[in-house]
Each structure stands twice: as structure tokens, then as C-alpha cells.
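> Here's a sequence, model it:
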Amino acid sequence: MDAIRKGVLQLRYLPFAIRLVLIIFVFSAQEALIIYFRGWNNFAAILILVGVLTCWVFRWQIAYGILSCFLVVYIVVNVVCVGWSVDAVTGVIAGIIINGVLVGSIGALRVAVDRANDFHKVKDQFLANLNHDIRTPLASVVGSLDLLKVYGERLTQAEQQLFLEQAIFSCDELERLTGNIRMAMIATDDTPPPHCSVFRLDVPVSNVLRYTYTFGHPIADLSIQEGVKVLADTMHVQRVLHNLLNNAFKYAPSGTPISVQVGIYGWIEGFAYVCVGDKGSGIPPEQVGKLFQKFSRIERAKHVDGTGLGLYNCRRLIENMGGQIWVESSGIEGEGSRFFFTLPLAEKQHQQETITGKHRSIDMP
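Numbers count the residues shown, from 1 in each chain. From the prediction side, this is the model:
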């Protein structure tokens, strides 16, 4: 039985032509039995096997079309061999009903099986990536503290400070990873509302840049407009910016510059923007739509460990604060990518700038 079960499961992965020939062969064999016995009018018994197999190995639209064709063939064969009768009419009605039931039930089962298989694949990959992601910063923490313990008395104060900063940064990385997981475990509808307040956007951005290790990537294009006040959650803004910077450090070639820009957005009235850019390989346009989906990772990211939750959580945080997040990239090597997110300006500032006509905007190229 186990061999039969595995064989039936594998039928779905055969080439389309082979699956179609197999189904037609089974149906033809059953029709041959009808002709041979001349009067075998138990239509349900004839259709069940072919119907179940058809619905299992094809999508429901194709399966319904094939079964409808089989029903027409059955009618013709039955009328030629037996003639019209009450049993023939009953068989036609039963066939139509059985077609719908089989396509609905077996089709739904197939969709459920597909989703379960996809979920298990994603789960296994997620756990494998998570294991590596957590092990890396944890090893850095242990290594830094172990060096301080063994060689602490021989190290200069600057060297001790460096190892402490490395340990603290790795702890922050662990917190970021676990925070992404916690955020992803919360259903979208149950996401707690942000604690929004009015603050200067340049303050949290400067704080993040001041305490973030850049992994040798120079911040070459730093343009922060001061005094831009937004209505948002400071902690959420810092988390989003930290995620975007961390991605830029991971995916851009070593030593390439990273840009950070902050200002008032010129295309959408009443919003400030933050932009993080890199000079990496970029993102192919056809894969941009996958970036902000849960557990989704594009082709360029497959060689870098990650959980596929960072950008998904960024989107949820920004949208909860009334902003938008997106990426601009040509997908050309060296041109890199630019990630933008917007936040609503503080109402008083926006009204004042509108009344005085001093609304300052920065039009992004």
C-alpha cells in the first residue's frame, strides 16, 4: 500500500502529455468494459476511478474540461450500445453531479496538499537559515567575551572597548533576529498600533548611524535634512532603518559605499522620506514584487543567510504608521538598489509650511 500511495503522489509530477495519455487509457479501458458487457449502466462506478485520478493529476479547470469530454464520450458509447433509457438519462445526470463533486472535493484536497508541502519546505529552509543566523552573532559574542576574559589584562583600553562593542553589536543582531520572528508571528490584523508621537526625523536616523557597525562600507552620500518633524513611532522607524542598512551591508560588495538620505518627499504631499541606497548587484524588476512578502527571498539573496522576514516586517511597520515602502532598482550590476520609506509629516508643520508657502521639497531623480 505504501508503494501505491507513493506512486499516486508522484503521478502529479509526470509531464502533462504522459498524464493525459494515462487518464485517456484508463477511461478507454472502462469504456471497453461497457461495450463488452453491453448494459453495465452503473455510471458512478465507471466515473469514480477516472474522475479521482483526473482531479488529482490536473488543476481543477483542466480536470473539469477533461471529465466533461469523458461524459460526452460516455453518452455516445452508451446510446450506441444500449440505446436511450431511463438508466442512460440517470447516468448522465449522475455524471454531471459527480463531475462537480469530484472536481470540488479532490481539487480542494490537492490545493491543501500543495499548500502543506510548500509550508513545510519554507519552514525547513527558515529553520536552517535561522540556525545559521543565530549561531553567527552568538559565536561573535562568545568569542569577544572569551578574549576579554583570557587576555583582558594585556589588552589596551581601546582594544577592550572594541571587543565590547563587537559583543554589543552581536547582541543587537540577535535581538533584531528574534524581533523579526516575533513580529512575523503576529497576524496582520492583530498587529498592535504604533505609539506615534511628533519628533524630528533626523534624530533617530543619526542615532542609528552613530551606533551601527558598517562592515567596512563607507557612508559616502549622507544627506539628512534637519528639522523635519513626523508623526510616527520612533522605535519602529529605527527598526526599519536598521533592517534596511543591515541588508545593504550584507548584499553590497565589500567596500562599496552606502547612501542615506532624509528629507521632505516631493511627489507625495505631506510626507517625509528616508532612502537607503547601495551599489550592489541590484534587483531584477520581475523579482521586486516578492521582496516584501513573508518568508520570500529573491534569487540574489540565496547565497546570503536570512529568514525572509526583515522586509516583510518593515512593510507592516511602515504601513501601520501611515507610510509606504518600496524599492527602486534596474537590476544592473553596480547600479544597486534604493529602498524608500515615507512617514507622515507632523500636522502642525505641514499646515504651517503650506500657509507660508515655504514648503521645501526634494524631488527624487
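> Near Leu164, how many other residues are there?
As a burial measure, Leu164 scores 13 neighbours (other CB atoms under 10 Å). Glycine gets a C-beta too; all of them are placed from N, C-alpha and C.
> Kindly report the same for Ile96.
Here the count is done by other CB under 10 Å, and Ile96 has 13 residues near it.
> try the one 5 residues further on
Burial measure for Val101: 12 neighbouring residues, criterion other CB under 10 Å.
> Output the contacting helices and strands for the longest helix along the chain.
Identified as the longest helix of the chain according to DSSP state H is helix 86-151. With contacts defined as 3 or more CB pairs under 8 Å, 6 or more residues apart in numbering; DSSP states H and E, the secondary structure elements packing on helix 86-151 are helix 43-57, helix 60-81, helix 157-185.
> which stretch in these has the least confidence?
Per-segment mean pLDDT for the helices and strands packed on helix 86-151 reaches its minimum on helix 43-57, at a mean of 68.
> What is the least confident helix or strand in the chain?
Least confident helix or strand, the chain: helix 347-356 with a mean of 50, by mean pLDDT, DSSP states H and E.
> quick one on the thing from earlier: out of the helices and strands packed on helix 86-151, which is the most enclosed?
When those are scored by mean count of other CB atoms under 10 Å, the highest mean neighbour count falls to helix 43-57 (a mean of 20).
> Could you list the low-pLDDT ranges of the stretch 151-300 of the chain?
Flagging of the stretch 151-300 of the chain using pLDDT under 70 yields the residue ranges 176-177, 180-192, 213, 267-268, 295-300.
> for it, what spans make up the helices?
157-185, 202-210, 234-251 (DSSP state H, counting those that start in this stretch).
> Would you mind measuring from Ala167 to Val141?
With distances defined as CB to CB, to the nearest Å, the gap from Ala167 to Val141 amounts to 5 Å.
> again with Cys196
Taking CB to CB as the criterion, Cys196 is separated from Val141 by 34 Å.
> ditto for Val260
Shown here: Val260 relative to Val141, a distance of 27 Å by CB to CB.
> Of those two, which one has the most company?
Applying other CB under 10 Å to Val260 and Val141 shows that Val260 carries more neighbours, namely 22 against 17.
> give me the beta-bridge partners of the more buried one?
Leu222, Val276 (DSSP bridges).
> thinking it is in contact with Leu222, fair?
Yes. Counting by CB atoms under 8 Å, Leu222 is a contact partner of Val260 at 5.5 Å.
> For those two, list the residues in contact with both.
Applying CB atoms under 8 Å, 6 or more residues apart in numbering, one finds that Val260 and Leu222 are jointly contacted by Leu209.
> Could you pull up the residues touching the closest residue in space to Asn99 that isn't next to it in sequence?
Computed as CB to CB, 6 or more residues apart in numbering, the closest residue to Asn99 that is not its neighbour in sequence is Leu67, at 4.7 Å. For Leu67, the contacting residues are Leu47, Val50, Gly51, Thr54, Cys55, Asn99, Leu102, Val103, by CB under 8 Å, 6+ apart.
> With respect to Tyr13, which of the helices and strands packed on helix 86-151 lies nearest?
Tyr13 lies closest, by CB to CB, to one member of those: helix 43-57, at 9.1 Å.
> From Lys294, how far out is the residue nearest to Arg110 when sequence neighbours are not counted?
What sits nearest to Arg110 in space, not counting adjacent residues and going by CB to CB, 6+ apart, is Trp56, at 6.2 Å. Taking CB to CB as the measure, Trp56 falls 29 Å from Lys294.
> Can you dump the C-alpha atoms of stretch 73-82 in PDB for me?
Once non-C-alpha atoms are left out, stretch 73-82 reads as follows in PDB (Å, rounded to 0.1, in the frame of the first residue of the first chain):
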ATOM      1  CA  VAL A  73     -18.000  10.200 -24.900                       C
ATOM      2  CA  TYR A  74     -19.800   8.000 -22.400                       C
ATOM      3  CA  ILE A  75     -23.200   9.300 -23.500                       C
ATOM      4  CA  VAL A  76     -22.300   8.400 -27.100                       C
ATOM      5  CA  VAL A  77     -21.000   5.000 -26.300                       C
ATOM      6  CA  ASN A  78     -23.900   4.200 -24.000                       C
ATOM      7  CA  VAL A  79     -26.500   5.300 -26.600                       C
ATOM      8  CA  VAL A  80     -24.900   3.300 -29.400                       C
ATOM      9  CA  CYS A  81     -24.500   0.100 -27.400                       C
ATOM     10  CA  VAL A  82     -27.600   0.200 -25.200                       C
END
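> Done for today, thanks.
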